[in-house]
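K.L.:
Need a 3D model of the following:
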Amino acid sequence: MKFIIIGLGHFGSSLGQKLTMMGHEVIGVDNNMANVEDNKGMMTHTICLNTSDSQAVTSLPVSDADAVIICIGLNEGANLLATANMKLMKAKRLICRAISPLHRTVLEAMQVDDIVYLEEETAHRWAKKLNMKSAVDVYEITGEFNIVEVVVPKCFVRKTLQESLIRSKYNLLVLSTIKMTEQNNVIGITRKVKQVQEMASAKTVLNENDIMVIYGKTKDFEAFLKDI
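P.N.:
Model (predicted):
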């Protein structure tokens, strides 16, 4: 796929580099040459351009991009002008970072396809994570359904998923398991790395220190986590 990322701060540069590593074509755009140079070679192309300028942005291949992501995070005015220009150029999918509640309201009024509100989303995710005892991480699908990572409880160690009765007793579906392994980084420091296993089945054996990736309703998770 082809993406245009506007704003190469911490969020935009990280997103662009990860999408590039996944094999996508990424054009990174910023009006600060230092940011452009920092990301040179990390993305398919990097361009120094003022996206607030309606004439300058016509040089971008917006019609060819599967999505344009506005990641400008310090200047609401520049963010909105870039968004307006991308709307005028009829971007197929427009994703914008919101900096404040008012900014998000304006983006909604502009009928942006998707809005990223990093601070609120991060706070909400951590609140869910801290609220669920024993949860390693929580990914909300909707207000009612979640995907939760949970360390295998001692009572389930060496049992199969069928023997654990997680599906029949708690109405929860184990999607996969994760093994934690140790790897050395480039400066020789050991860190733990997640290795996702194959899709889980009734015969999957739950091992000590493994992490289960479970899908289900919040109320069912609460009952499950209370019991373990």
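K.L.:
Can you get me the start-to-end distance on stretch 199-213?
P.N.:
10 Å (CA to CA, to the nearest Å).
K.L.:
now it, how far from the chain's geometric center?
P.N.:
Averaging C-alpha positions (CA atoms, centre = their mean, to the nearest Å) puts stretch 199-213 24 Å from its chain's average.
K.L.:
All the strands of this structure, in order from the start?
P.N.:
Under the criterion DSSP state E, strands of the chain are mapped to 2-6, 25-30, 45-48, 67-70, 94-97, 114-116, 135-140, 145-151, 173-184, 190-199, 211-217.
K.L.:
Residue 159 - nearest residue in space that isn't next to it in sequence?
P.N.:
What sits nearest to residue 159 in space, not counting adjacent residues and going by CB to CB, 6 or more residues apart in numbering, is residue 206, at 5.7 Å. (Each C-beta comes from the backbone N, C-alpha and C, glycine too.)
K.L.:
picking up where we left off before, how about the strands of the chain in TSV, adding mean pLDDT, distance to residue 78 and mean neighbour count?
P.N.:
Listed next are the strands of the chain as TSV, based on pLDDT from 0 to 100; distance: least, CB to CB, whole Å; neighbours: other CB atoms under 10 Å:
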stretch	mean pLDDT	distance to residue 78	mean neighbour count
strand 2-6	96	9	24
strand 25-30	96	11	25
strand 45-48	95	14	18
strand 67-70	95	9	25
strand 94-97	94	12	24
strand 114-116	90	16	16
strand 135-140	79	30	16
strand 145-151	89	35	19
strand 173-184	86	40	14
strand 190-199	82	37	10
strand 211-217	93	39	20
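K.L.:
From residue 165, how far off is the residue nearest to residue 159?
P.N.:
12 Å (CB to CB, to the nearest Å).
K.L.:
Between these two, which is the more surrounded one?
P.N.:
residue 206 (21 against 11; other CB atoms under 10 Å).
K.L.:
in stretch 78-95, what counts as buried?
P.N.:
78, 79, 80, 81, 82, 83, 85, 86, 89, 91, 94, 95 (16 or more other CB atoms under 10 Å).
K.L.:
Mind checking which of those residues are in helices?
P.N.:
78, 79, 80, 81, 82, 83, 85, 86 (DSSP state H).
K.L.:
hang on, the earlier thing: might you report the residue contacts of the residue nearest to residue 159?
P.N.:
By CB atoms under 8 Å, 6 or more residues apart in numbering, the contact list for residue 206 reads 152, 156, 157, 158, 159, 160, 161, 164, 177, 212.
K.L.:
so which of the ones in helices among the buried residues of stretch 78-95 comes closest to residue 114?
P.N.:
residue 83 (11.9 Å; CB to CB).
K.L.:
who are the neighbours in contact with the closest one?
P.N.:
70, 94, 96, 107, 110, 112.
K.L.:
6 Å instead?
P.N.:
70, 96 (CB atoms under 6 Å, 6 or more residues apart in numbering).
K.L.:
Tell me how many other residues crowd the residue lying closest to residue 166 once chain neighbours are set aside.
P.N.:
Of all residues not flanking residue 166 in the chain, residue 172 sits nearest, at 5.3 Å (CB to CB, 6+ apart). If you count neighbours by other CB under 10 Å, residue 172 ends up with 19.
K.L.:
returning to that earlier point: can the strands of the chain go into JSON lines with extra columns for distance to residue 223?
P.N.:
Output for the strands of the chain, formatted as JSON lines (distance: least, CB to CB, whole Å):
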{"stretch": "strand 2-6", "distance to residue 223": "41"}
{"stretch": "strand 25-30", "distance to residue 223": "43"}
{"stretch": "strand 45-48", "distance to residue 223": "50"}
{"stretch": "strand 67-70", "distance to residue 223": "39"}
{"stretch": "strand 94-97", "distance to residue 223": "36"}
{"stretch": "strand 114-116", "distance to residue 223": "33"}
{"stretch": "strand 135-140", "distance to residue 223": "14"}
{"stretch": "strand 145-151", "distance to residue 223": "13"}
{"stretch": "strand 173-184", "distance to residue 223": "15"}
{"stretch": "strand 190-199", "distance to residue 223": "25"}
{"stretch": "strand 211-217", "distance to residue 223": "10"}
